[in-house]
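A.B. asks: Compute the structure for the input listed below.
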Amino acid sequence: MAGAERNRWPRFEERCADRHADAGRESAYATAADTLAEWQRIHDHTAATRAERYDPDHDTALQHALRREHHRQDIAACAREAAVRARQATDAAHRSLAGTAAQPLYTALDRAGLHTLTDDDHQAVRNLTHHLDPATLRQVTSWLERTRSAALALRGAEQARPARPGLRRRF
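C.D. replies: As a prediction, this is how the structure comes out:
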């Protein structure tokens, strides 16, 4: 990158940051200021290494930042997986507490799309199972299944595109 071109971009970013600040757009100003700071860092790195061109593979600060970001993403992914496993274990424990009488209700809830149930949801299933007779539980399960079918029918109707009438051309 030629010297004049190398200095053009930081000045451009500085003018952009000033325009955003003058207009009162704080988030845009912060983004432009961060971009300006990164351009300045790249310029300083290139000058310090006396390189003709900037090479991100040899920029140790950039490589460290990328490693930190990958590490942060790995930690977040591990935390999400641990939360899912804990939720699944809790869900299984709740389902076993409710007993076999609640299984049709849990199946209907799963089919209705309620896969992630809260502790209050599990308590409600247990209460329904313990306080309602089997015929009423079958009716509740039937309601959930009909609601699911109606929702699927509505979704299908919304997703189906109206047919366009064909044009007949006479030659």
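
A.B. asks: Can you list the residue ranges for helices in the protein?
C.D. replies: Using DSSP state H, the helices of the chain run over 3-23, 26-49, 60-98, 103-111, 119-131, 134-159.

A.B. asks: Need the winner for burial among those helices.
C.D. replies: helix 103-111 (a mean of 16; mean count of other CB atoms under 10 Å). Yep, even glycine has a C-beta here, placed from its N, CA and C like the rest.

A.B. asks: And the contacts of that one?
C.D. replies: Contacts of helix 103-111 from elsewhere in the structure, counted by CB atoms under 8 Å, 6 or more residues apart in numbering, are 95, 98, 117, 121, 125, 128-129, 137-138, 140-141, 144-145, 148.

A.B. asks: from these, which is closest to Arg87?
C.D. replies: Leu117 (9.3 Å; CB to CB).

A.B. asks: returning to that earlier point: can I get the contacts of helix 103-111 in CSV including pLDDT and distance to Gln40?
C.D. replies: Formatted as CSV, the contacts of helix 103-111 follow (pLDDT from 0 to 100; distance: CB to CB, whole Å):
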residue, pLDDT, distance to Gln40
Arg95, 81, 58
Ala98, 80, 62
Leu117, 82, 52
Asp121, 86, 54
Val125, 87, 60
Leu128, 86, 64
Thr129, 86, 66
Leu137, 85, 68
Arg138, 86, 71
Val140, 86, 65
Thr141, 87, 65
Leu144, 86, 60
Glu145, 87, 63
Arg148, 85, 58
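
A.B. asks: quick one: contacts for the closest residue to Glu26 other than its chain neighbours?
C.D. replies: Leaving out its chain neighbours, the residue that sits closest to Glu26 by CB to CB, 6 or more residues apart in numbering is His20, at 8.0 Å. Taking CB under 8 Å, 6+ apart, we find His20 in contact with 26, 28-29, 31-32.

A.B. asks: could I get these as CSV with pLDDT?
C.D. replies: CSV is the format used below for these (pLDDT from 0 to 100):
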residue, pLDDT
Glu26, 76
Ala28, 74
Tyr29, 73
Thr31, 80
Ala32, 76
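
A.B. asks: Greatest separation within the residues you listed: which pair is it?
C.D. replies: Top of the distance list for the contacts of His20 (CB to CB): Glu26 and Ala32, 10.7 Å.

A.B. asks: for this structure, what are the low-confidence residue spans?
C.D. replies: The chain contains residues with pLDDT under 70 at 1-11, 13, 157-171.

A.B. asks: quick check, nearest of the contacts of helix 103-111 to Cys16?
C.D. replies: Nearest member of the contacts of helix 103-111 to Cys16, counting by CB to CB, is Leu117, at 49.3 Å.

A.B. asks: how near is that closest one to Arg95?
C.D. replies: Counting by CB to CB, to the nearest Å, the gap from Leu117 to Arg95 is 9 Å.
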